[in-house]
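# Give me coordinates for this.
(one chain, ligands or ions: 2)
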Amino acid sequence: MSILIKNGYVIYGENLDVMKADIYIEDNKITKIGKNLNISADYVIDAKGKVVSPGFINLHTHSPMGLFRGLADDLPLMDWLKHHIWPKEAKLTREYTKAGAYLGALEMIKTGTTAFLDMYFYMDAVAEVVLESGLRGYLSYGMIDLGEPDKTEKEIKVALETMKFIEKLSSERVQFVFGPHAPYTCSIALLKKVRELANEHKKLITIHVAETMTEIGQITSRYGKSPVVLLDDIGFLADDVIIAHGVWLDSKDIHILARHRVSIAHNPASNMKLASGVMPIERLLNAGVNVGLGTDGSASNNNLDMLEEMKIAALLHKVHNLDPTVADAKTVFKMATQNGAKALRLDAGVIKKGALADLVIIDFNQPHLRPINNVISHLVYSANGNDVETTIVDGKILMLDREVFTLDEEKTLEKAEEVVEKLAG
Ligand SMILES: CSC[C@H]1O[C@@H](n2cnc3c(O)ncnc32)[C@H](O)[C@@H]1O
Ligand SMILES: [Zn+2]
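Numbers count the residues shown, from 1 in each chain. Ligands and ions are numbered 1, 2, ... in the order given. This is a model prediction of the structure:
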């Protein structure tokens, strides 16, 4: 299949240069970028007055958690998890989780996310949804053993079964990732086994680390060191690890993360809503740590809108540092696109010849996005997910002019309501 996108403002290359150009897509790659391309294509999209941007990469979420949106607000993390979310999750079935995954996938397509890193239960079901939706999903089964050896074995078994299931799908778009939940819910034995398996199977690892002060207190009293030092000491850290949060990090932790080339998924909305704290963005970036952007789940955000997340990230760090130059628009935009791609080892996040055709078209023919003085500024500070009009992943159109091709919108919303009623009953 070929697609020709004409007359758009293209955000080009790693430096985010904005130029008026046409983009030609053949199969799953961008093959030509230039002025007035005169080529025939299966689809011709007129992007006049619109912006063609790399698709957004959500580097940390729990995509089915939209089911719990608005059901447990205004609580701190440990209370939220232990007394509200985990009891609800205990009632989840494969069918219910799949309904949540459909809802998440639909929201991501509609708001311009093209790839996401997920951690949840029933990830075989989530994988089926990813395949059907056309998105790119990096999927981890979230392992929790709470230090009980028989649970350790069980969790490893489920993770390996999920890996096999995903590999059988034989789709580049659906990738398995190891997902031990956090140092406070996983034993050292489990974490060491995950490192061994990730090496053996050449898979990425994602894990929540240093999210709250409570976590730092728990890990320090259990092990006498910070979560990052603990993970370093057991040989867990490497450039295939993506930690979610990294809020409570001291200079030694930052140095360790930089030395191992660990990536971080920053989740500003979730960190603000759960009042977890503020990630030391400047110190991490100055140390050379790759920082991507995530929404976390929709029960702590409460949506999956990466455009909104960029604005929250930019504003949070400015006010926290009392310095408006911190987290400038370009830096934050790169976090939501190319930095996420780097962490996932994905040849996307940038519009250039040869890159994967994962891109979105944003409707700038609207008052809040005019005049077009500064495209990146408008995307970070003025736009939101509803402004996304077209979403293309792997050279396939998932949404065109706000019409979603791959999922049934009405059925998806209905099913989610049905499941929530059943969960409440
Ligand atoms: C075991 S699957 C993933 C697990 O993580 C829970 N979760 C959602 N958001 C957070 C967060 O910010 N910190 C820690 N854990 C989180 C989710 O509810 C699942 O139980
Ligand atoms: Zn999370």
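
# What parts of this protein come near ligand 1?
Within reach of ligand 1 by C-beta under 6 Å from any ligand atom, the chain has these residues: 62, 77, 81, 85, 89, 119-121, 142, 144, 181-182, 208, 211, 270, 296-297, 300. Using the backbone N, CA and C atoms, a C-beta is placed for each residue, glycine as well.

# So which of those residues are in helices?
Using DSSP state H, 77, 89, 270 are the members of those that sit in helices.

# OK, contacts around the first one?
Think residue 77. Counting by C-beta atoms under 8 Å, 6 or more residues apart in numbering, residue 77 makes contact with 211, 212, 214, 274, 276.

# and the third one, which of the three is it?
Taking DSSP: H, G, I helix; E, B strand; the rest coil as the rule, one finds residue 214 in the helix state.

# Quick check, it in contact with residue 78.
Yes. With contact defined as C-beta atoms under 8 Å, residue 214 reaches residue 78; the gap is 5.3 Å.

# Across the sheet, point out what pairs with residue 362.
Judged by DSSP bridges, the bridge partners of residue 362 are residue 51, residue 388.

# Angles on the backbone of residue 27, please.
Residue 27 adopts backbone torsions of phi 50, psi -120, taken as degrees, to the nearest 10.

# nearest residue to the residue of the stretch 101-250 of the chain found nearest ligand 1 other than its sequence neighbours?
Nearest residue of the stretch 101-250 of the chain to ligand 1: residue 142, at 2.3 Å (C-beta to the nearest ligand atom). Leaving aside its sequence neighbours, residue 142 sits nearest to residue 119 (C-beta to C-beta, 6 or more residues apart in numbering; 4.5 Å).

# returning to that earlier point: can you redo the contacts of residue 77 as a markdown table with neighbour count?
As requested, the contacts of residue 77 are exported to a markdown table (neighbours: other C-beta atoms under 10 Å):
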| residue | neighbour count |
| --- | --- |
| 211 | 27 |
| 212 | 21 |
| 214 | 15 |
| 274 | 23 |
| 276 | 23 |
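
# which pair in these spans the largest distance?
214 and 274 (10.7 Å; C-beta to C-beta).

# Mutual contacts of those two, please.
Shared contacts of residue 214 and residue 274, counting by C-beta under 8 Å, 6+ apart, come down to 76, 77.

# Next one: the most centrally placed residue in the chain, what pLDDT does it get?
Nearest to the geometric centre of the chain sits residue 58, at 1.9 Å (C-alpha atoms, centre = their mean). Per-residue pLDDT puts residue 58 at 99.

# what sits against it?
Contacts for residue 58 (C-beta under 8 Å, 6+ apart) come out as 108, 113, 115, 116, 117, 293, 294, 295, 304, 306, 340.

# How much space separates it from ligand 1?
The gap separating residue 58 from ligand 1 is 13 Å, by C-beta to the nearest ligand atom, to the nearest Å.

# Near the closest residue to residue 300 other than its chain neighbours, how many residues? Count them for me, please.
Excluding the flanking residues, the one nearest residue 300 by C-beta to C-beta, 6+ apart is residue 270, at 4.3 Å. Residues near residue 270, counting by other C-beta atoms under 10 Å, number 26.

# what's the answer for residue 259, then?
When neighbours are counted by other C-beta under 10 Å, residue 259 registers 13.

# Where is the longest helix in this structure?
Across the chain, the longest stretch assigned as helix under DSSP H is helix 149-169.

# who touches that one?
Taking C-beta under 8 Å, 6+ apart as the rule, helix 149-169 contacts 123-124, 127, 131, 139-141, 143-145, 174-176, 178-179, 187, 189-190, 193-194, 197, 201, 203.

# Buried only: go through the residues you listed for me.
123-124, 127, 131, 139-141, 143-145, 174-176, 178-179, 187, 190, 193-194, 197, 203 (16 or more other C-beta atoms under 10 Å).

# Now go through those residues and say which are in strands.
Of the buried ones among the contacts of helix 149-169, the ones assigned to strands by DSSP state E are 139, 140, 141, 143, 174, 175, 176, 178, 179.

# per-residue pLDDT, the residue nearest to the fourth one when sequence neighbours are not counted?
Residue nearest to residue 143 in three dimensions, not counting chain neighbours: residue 155, with 4.0 Å by C-beta to C-beta, 6+ apart. Turning to residue 155, the model gives it a pLDDT of 98.

# Just give me the neighbour total for residue 354.
The burial count for residue 354: 8, using other C-beta under 10 Å.

# Tell me how far the residue nearest to it when sequence neighbours are not counted lies from residue 3.
Of all residues not flanking residue 354 in the chain, residue 29 sits nearest, at 6.3 Å (C-beta to C-beta, 6+ apart). Using C-beta to C-beta, to the nearest Å, one gets 11 Å for the distance from residue 29 to residue 3.

# which one of those two has more residues nearby?
More crowded of residue 29 and residue 3, by other C-beta under 10 Å: residue 3, with 22 against 15.

# Give the helix, strand or coil label for the more buried one.
Put simply, residue 3 is strand when judged by three-state DSSP.

# what's the answer for the one 5 residues further on, then?
Using three-state DSSP, the three-state assignment for residue 8 comes out as strand.

# per-residue pLDDT, the residue nearest to it when sequence neighbours are not counted?
Distances taken as C-beta to C-beta, 6+ apart put residue 47 closest to residue 8, at 3.1 Å, once the chain neighbours are dropped. The model reports residue 47 with a pLDDT of 98.

# Now do the SS call for the residue located most distally from the centre of the chain.
Centroid-distance maximum for the chain: residue 38 at 36.0 Å, with C-alpha atoms, centre = their mean. For residue 38, the reduced secondary structure class is coil; criterion used: three-state DSSP.

# Over to it: give its phi and psi.
Dihedral angles of residue 38 (phi, psi; degrees, to the nearest 10) stand at phi -110, psi 80.

# For it, give me its contacts.
Counting by C-beta under 8 Å, 6+ apart, residue 38 touches no other residue.

# swap in residue 392?
Counting by C-beta under 8 Å, 6+ apart, residue 392 makes contact with 3, 25, 55, 114, 357, 358, 359, 360, 398.

# what helix or strand does the fourth one sit in?
Right, the one you point to is residue 114. Residue 114 is part of strand 113-120, with elements assigned from DSSP states H and E.
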